[in-house]
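J.: Turn this into a model:
(one chain, ligands or ions: 1)
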Amino acid sequence: MKYNFDEIINRTHTSSMKWEKYRGRDIIPMWVADMDFKAPQPLLDTLRQSIEHGIMGYTLIPDKLNELIIENLYTLYDWKIEKEWLIWTPGVVSALNVACAVCGSSFDKIVTTTPAYPPFLTAPSNHGKLLATVPMIEINQRAALDYHALEKEFKSNNTSLFMFCNPYNPCGSVFTKDEINQLVELCTKYDVIICSDEIHSDFVLDQNKYHIPTASISKTAANQTITLMAPSKTYNIPGLGCSFAIIQDENLRKKFKSRSKGLIPEVNLLGLFATKTAYKECHEWLAQLIVYLRKNRDIVQEHINKMPGCRLNPIESTYLAWIDVKDTNIDDPIAFFEQAGVGLSDGKFFGQKGFVRLNFGCPRSVLEKGLRRMAAALL
Ligand SMILES: Cc1ncc(COP(=O)(O)O)c(C=O)c1O
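T.: Below is the predicted model of the structure:
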């Protein structure tokens, strides 16, 4: 079956966070990270069946779903996990907050890199922890980890947790085995747990790269890591709130579960059904989506780099473009591009001013229209 990612679907009046922001204004929303594509047909059929059944009761994770995750991780990454290591959560952000809550004691430090997915910057203080940020460095037009600066942070005072995003939102880096090894070594040396958010793992666009789960590289890494994964970005079902954590270390897993009690609800019924069908029957849709996104990425890459004052590094993964607009000398780039009819995410919320993030997970005609508007405004 050939999926039609060119189809324009009207999302106004659907309680969409992305589209409601600009309701009634001629501004194309290219900000928050959900895509404007319909979820795969088999997944939609499953949801329909579930609704037709008519009873939306409390859930229990089916064994078959756990087995499916275990099988998928093995097939994709040669990573063997056990059923007991899996903890289902109604969202990755909830899980990373639980990670912040359970690692270390009050006023311990949690480290992450900037620019960062905004909840990474707010989660530590939600749980009485201090946040320290280490800027990414640019090496050969690519955002990379600054191990020296990280070591300096880990050394000074109690760092309990490092929040890692791989593939990296917003810069798109897909970390290599060497890079991950070096990070794990450093974290082990200073007894720092790694919370590895791998929600974007299915979006590797660079054909010379592949995703490696942090915990999969060694026994040490597995013992040191909380892995967070979800079908939500991949199959465009973030509104169904379904994700899972993988924690091998028994003690850490117990703490994570106990801290979640009474606060983190069960995964909802539709999310569970959708997840099962996504991982079982939607590989073809995903393969076609990646082809479509690669072309969108090429278009973004070409057009943005022609715009005066804008710079965009090659995008290895995700459907997000992290654009350096400092040389435009525009004071408020978000207001400027909104005026031009395009709604982007502001770098300042990621801890890096002078950047905007553009979401190219949309039909090509919409993307091209947005890029035309940006180019015209900058001329
Ligand atoms: C790195 C990262 N983690 C987590 C999330 C959100 O996860 P969830 O909707 O499951 O809470 C996003 C969404 O953009 C993301 O980019």
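
J.: Give me the phi and psi angles of Asp197.
T.: phi -80, psi 110 (degrees, to the nearest 10).

J.: show me the contacts for it.
T.: For Asp197, the contact set (CB atoms under 8 Å, 6 or more residues apart in numbering) comprises 92, 96, 117, 120, 163-166, 228. Glycine gets a C-beta too; all of them are placed from N, C-alpha and C.

J.: Could you pick out the residues of the stretch 151-300 of the chain near the ligand for me?
T.: Proximity of the stretch 151-300 of the chain to the ligand, by CB under 6 Å from any ligand atom, involves residues 165, 169, 197, 199, 230, 232, 238, 243.

J.: What ranges in this protein fall below the confidence cut-off?
T.: Within the chain, no range satisfies pLDDT under 70.

J.: Just name whatever secondary elements the longest helix along it is in contact with.
T.: Ranked by number of residues, the top helix in the chain under DSSP state H is helix 283-306. Applying 3 or more CB pairs under 8 Å, 6 or more residues apart in numbering; DSSP states H and E, we find helix 283-306 packed against strand 320-324, helix 364-378.

J.: now check the shortest one, is it near the ligand?
T.: No: applying CB under 6 Å from any ligand atom, one finds that strand 320-324 is not in contact with the ligand, the shortest distance being 7.9 Å.

J.: Need phi/psi at Thr328.
T.: Per degrees, to the nearest 10, the backbone of Thr328 is at phi -80, psi -20.

J.: And Lys257, by the same measure?
T.: phi -70, psi -40.

J.: My guess is it contacts Ile87. True?
T.: Yes: taking contacts as CB atoms under 8 Å, Lys257 lies within contact range of Ile87: 6.4 Å.

J.: quick one, which of the two is more surrounded?
T.: Taking neighbours as other CB atoms under 10 Å, Lys257 and Ile87 compare with Ile87 leading, 20 against 15.

J.: what's across from the more buried one in the sheet?
T.: Ala245 (DSSP bridges).

J.: Now do the helices in the stretch 51-200 of the chain.
T.: For the stretch 51-200 of the chain, the helices defined by DSSP state H, counting those that start in this stretch occupy 63-77, 92-102, 118-126, 147-155, 177-189.

J.: helices or strands next to the last one in the packing?
T.: So the one you mean is helix 177-189. helix 147-155, strand 159-165, strand 193-197, helix 219-224.

J.: This completes my enquiry, with thanks.
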